[in-house]
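>>> how would this look folded up:
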Amino acid sequence: MERVEVNGLEVAYERVGSGPPLVLVHGAALDSRSWRPQLAALDDELTVVAWDEPGVGRSSAGPDGFDLAGFADALAAVVTDLGLGPAHLAGLSWGGTVVLECWRRHPDLVATLILMDTYAGWSGSLPADEVARRVEGVRQMVEAGGEDFDPTLPGLFGSDPSDEVVALMEEMAAEVRPETLALELGIMAATDLGDVLPRVDVPTLLVWGELDARSTLEVARRFEADIVGSELVVIEGAGHLSNLEQPDLVNAAIRDFCRRHTV
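Numbering: from 1, shown residues only. Next up, the predicted model:
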């Protein structure tokens with residue numbers, strides 16, 4: 001892992017390969033390790049960067065009052081400090097919400113968007129009763145904390161994940177910081193970026209697990225309708241963590257899209 005100081009924060013990241021830049025933004029309760037299949041497969045023609053967001057993994061925590069804009073600005077600072085902009089920005093789940101906010105605040109740094117199994121914030125993509133149910137689930141997860149934290153949620157995978165993926169999920173779960181998880185998902189519950197989607201004016205790829213029960217294909221179809229010219233690739237047999245469950249299919253979709261929109 002390398003590190004860069006951005007806005008007073010120390011942000012850790014992994015960087016591999018050479019070529020047009022692809023910056024990968026992980027979901028909540030995950031870290032840069034969740035992108036191992038992409039780091040290993042796409043470095044032959046792309047500069048691939050996967051960060052640990054502030055408050056996660058080997059990065060320092062954000063200050064009191066850190067919000068969605070803070071995460072987006074930190075991401076923009078990484079792109080700038082590494083001399084990578086404009087870049088392909090890819091975000092999974094919560095990471096897709098961060099990427100969307102980064103585009104809204106720093107459009108000059110974004111060549112394309114790759115939004116994967118994500119949301120326009122929970123309040124921008126889910127019914128109010130579902131948001132309330134998830135908020136309660138967050139409270140219970142945070143109270144569990146530490147070694148008792150269980151990352152398994154319905155819909156994360158379309159079928160039983162491989163032993164390798166299970167081991168990786170357990171590895172990441174053991175290092176979850178409860179305060180960061182509460183912050184991430186609290187922001188998600190309050191965020192509605194639905195009005196941002198129709199304003200997106202860069203090439204956009206939507207990658208969605210066919211069996212995603214967390215952010216369903218209904219959400220994907222709304223993204224597709226709202227972002228003019230966006231492309232939707234449905235990953236057969238995958239749930240919410242499509243990049244881990246069907247990495248070959250996801251990697252092929254990202255590779256093809258980036259080739260067609262070289263920066």
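>>> tell me how far residue 117 lies from residue 194.
Using Cβ to Cβ, to the nearest Å, one obtains 17 Å as the distance from residue 117 to residue 194. Any C-beta I mention is one placed from the backbone N, CA and C, and that applies to glycine too.
>>> comparing these two, which residue is more hemmed in?
For residue 117 versus residue 194, neighbours defined as other Cβ atoms under 10 Å are more numerous around residue 117 (30 against 16).
>>> where does the stretch 151-263 of the chain dip in pLDDT?
Low-confidence segments of the stretch 151-263 of the chain (pLDDT under 70): 151-155, 263.
>>> and the helices in it?
Using DSSP state H, counting those that start in this stretch, the helices of the stretch 151-263 of the chain run over 163-173, 178-190, 217-226, 242-245, 247-260.
>>> please enumerate residues in contact with the second one?
Residues outside helix 178-190 that contact it (Cβ atoms under 8 Å, 6 or more residues apart in numbering) are 28-29, 55-56, 61-62, 66-68, 71, 94, 97, 119, 121-123, 131, 134-135, 138, 141-142, 145-146, 149.
>>> CA-only coordinates of it in CSV, if you can.
Extracted in CSV, the C-alpha atoms of helix 178-190 (Å, rounded to 0.1, in the frame of the first residue of the first chain):
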residue,chain,number,x,y,z
PRO,A,178,-17.9,0.5,13.7
GLU,A,179,-17.8,4.2,13.9
THR,A,180,-17.0,4.5,10.2
LEU,A,181,-19.7,1.9,9.3
ALA,A,182,-22.2,3.9,11.2
LEU,A,183,-21.1,7.1,9.5
GLU,A,184,-21.2,5.6,6.0
LEU,A,185,-24.6,4.1,6.3
GLY,A,186,-26.1,7.0,8.2
ILE,A,187,-25.0,9.2,5.3
MET,A,188,-26.6,6.7,2.9
ALA,A,189,-29.9,6.8,4.7
ALA,A,190,-30.1,10.6,4.5
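>>> list the buried residues in that helix.
Buried positions in helix 178-190, judged by neighbour count with 16 or more other Cβ atoms under 10 Å: 180, 181, 182, 183, 184, 185, 187, 188, 189.
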